[in-house]
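Participant: turn this into a structure:
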Amino acid sequence: MKIAIISDIHGNLDALRAFSETYDELWVLGDQVNFGPQPREVVEIIRDRADIAIQGNHDHAVGFDDDSRWTPKFRAIAEATRRHTSAKLSEEQKLYLRELPLAVQAVREGTRFQLVHATPSDPHYGYLLEDADGWAAELESVDADVLLVGHTHMPFIRRIGNKTVVNPGSIGQPRGGKPRPSYAVWQDGAFELRSFDYPIESTVAKLEALGHPPEVEAELVRILREG
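Facilitator: Numbering: from 1, shown residues only. Prediction:
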């Protein structure tokens with residue numbers, strides 16, 4: 001069995017369309033919307049193709065019109081793009097985002113998985129990078145062999161005791177100086193991180209046509225081009 005695991009698409013339809021991996025199942029770890037220019041199309045594709053999808057903080061914020069926990073660093077960008085996202089989505093799509101589960105447990109070929117967008121203790125906003133000390137404490141509450149997370153946009157595979165934490169990185173807003181979208185594949189009991197190219201300048205042009213405040217537009221474009 002082959003499972004493709006993606007996260008943090010953020011309304012970037014060009015990147016999602018360039019994702020060409022074959023799979024038996026597609027799992028999506030949250031944040032389908034916000035930041036990017038084409039949230040409606042992204043939501044429709046994920047609704048159609050994903051075998052499992054969970055709720056990220058931006059899915060929640062758009063679905064419930066609740067951005068109360070966004071950090072000051074990203075608030076201006078998140079608020080501006082949420083207005084665009086909310087205007088583009090239908091009420092049915094917003095209901096879909098509201099009803100996405102916070103966490104899912106699944107078993108495939110004897111391997112137990114737990115899926116959550118950020119961390120088990122704070123599913124929407126917990127923020128732990130690969131080398132963070134907090135992973136051991138987070139895993140104490142995880143009744144699974146593998147914990148799958150997103151949110152940071154930084155891919156990694158880390159073994160801690162008898163458990164594995166995997167972050168596939170981001171499809172729509174890669175970070176860490178690497179603008180290529182990344183994802184994870186689980187096959188024959190093993191994980192692999194993969195990445196691909198997509199037409200970044202096409203997404204940039206679509207963003208620039210939206211009329212966001214100049215400082216918001218500049219930061220969104222910088223992230224896309226530089227990672």
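Participant: switch to C-alpha atoms for all contacts and neighbour counts from now on
Facilitator: Noted.
Participant: could you say what helices and strands the longest helix seen in the chain packs with?
Facilitator: Assignment by DSSP state H gives helix 72-88 as the longest helix of the chain. Counting contacts by 3 or more CA pairs under 8 Å, 6 or more residues apart in numbering; DSSP states H and E, helix 72-88 packs against helix 39-49, helix 57-64, helix 214-226.
Participant: how about residues contacting the helix or strand that it is followed by?
Facilitator: Toward the C-terminal end, the helix or strand that comes next after helix 72-88 (DSSP states H and E) is helix 91-99. Contacts to helix 91-99, defined as CA atoms under 8 Å, 6 or more residues apart in numbering, come from residues Arg40, Val43, Gln55, Asp59, His60, Val62, Gly63, Phe64.
Participant: and the strands in this structure?
Facilitator: Taking DSSP state E as the criterion, the chain carries its strands at 2-6, 25-28, 52-53, 103-108, 111-116, 146-148, 156-160, 163-167, 182-187, 190-195.
Participant: burial measure for Ala103, as a count.
Facilitator: 19 (other CA atoms under 10 Å).
Participant: just checking, it touches Thr119?
Facilitator: No. Counting by CA atoms under 8 Å, Ala103 sits too far from Thr119 to count as a contact (9.7 Å).
Participant: show me which residues of the lowest-mean-pLDDT helix or strand in the chain are buried.
Facilitator: Of the helices and strands making up the chain, the lowest-confidence element is helix 72-88, at a mean of 85, by mean pLDDT, DSSP states H and E. Neighbour counts using 16 or more other CA atoms under 10 Å place Ile77, Ala78, Glu79, Ala80, Thr81, Arg82, His84, Thr85, Ser86 of helix 72-88 among the buried residues.
Participant: okay then, goodbye and thanks.
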